[in-house]
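Peer 1: return atomic coordinates for the entry below.
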Amino acid sequence: MKTKKIPMRMCVGCREMKEKKSLIRVVRSPEGAVSLDPGGKKPGRGAYVCREGDCLARALKQRQLERQLQAAIGEDVMEALNGELAALREASHG
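Peer 2: Below you'll find the predicted structure:
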């Protein structure tokens with residue numbers, strides 16, 4: 001029996017290759033709005049980040065997320081992404 005290939009993606013924060021399902025997708029919609037995509041199905045340009053908050057913080061600080069998404073990310077969007085990520089972590093642990 002053939003083994004199934006596991007899709008791998010690179011975290012823009014720590015630059016490590018990890019399984020796609022262990023990462024969270026951040027997406028820029030065709031309209032230009034940046035948001036988290038926990039299901040990984042939203043249309044638009046995507047980038048992947050680890051579930052750890054320090055990876056998201058590093059990706060925002062080094063502007064890696066902006067480069068990958070080809071969009072400017074304002075302070076309000078950064079706070080919203082941090083809040084959404086914290087809520088996702090709470091839901092997965094609780």
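Peer 1: C-alpha only now, for contacts and for neighbours.
Peer 2: Noted.
Peer 1: the residue nearest to residue 34 when sequence neighbours are not counted: how many residues sit nearby?
Peer 2: Leaving aside its sequence neighbours, residue 34 sits nearest to residue 28 (Cα to Cα, 6 or more residues apart in numbering; 4.4 Å). Using other Cα atoms under 10 Å, residue 28 has 23 neighbouring residues.
Peer 1: the longest helix in the chain is where?
Peer 2: The single longest helix within the chain, with elements called by DSSP state H, is helix 75-93.
Peer 1: where's the residue nearest to residue 34 relative to residue 92, distance?
Peer 2: Computed as Cα to Cα, to the nearest Å, the residue 28 to residue 92 distance reads 24 Å.
Peer 1: now the strands for the chain?
Peer 2: For the chain, applying DSSP state E gives strands covering 8-10, 17-19, 23-28, 34-37, 45-50.
Peer 1: tilt between the last one and helix 75-93?
Peer 2: Interaxial angle, strand 45-50 versus helix 75-93 (axes from the mean of the first three to the mean of the last three Cα atoms, to 10 degrees): 50 degrees.
Peer 1: contact partners of strand 45-50?
Peer 2: Applying Cα atoms under 8 Å, 6 or more residues apart in numbering, the external contacts of strand 45-50 come out as 9-13, 22-30, 55-56, 59, 65, 68-69.
Peer 1: please check those residues and keep the buried ones.
Peer 2: Among the contacts of strand 45-50, those buried by neighbour count (16 or more other Cα atoms under 10 Å) are 9-13, 23-28, 55-56, 59, 65, 68-69.
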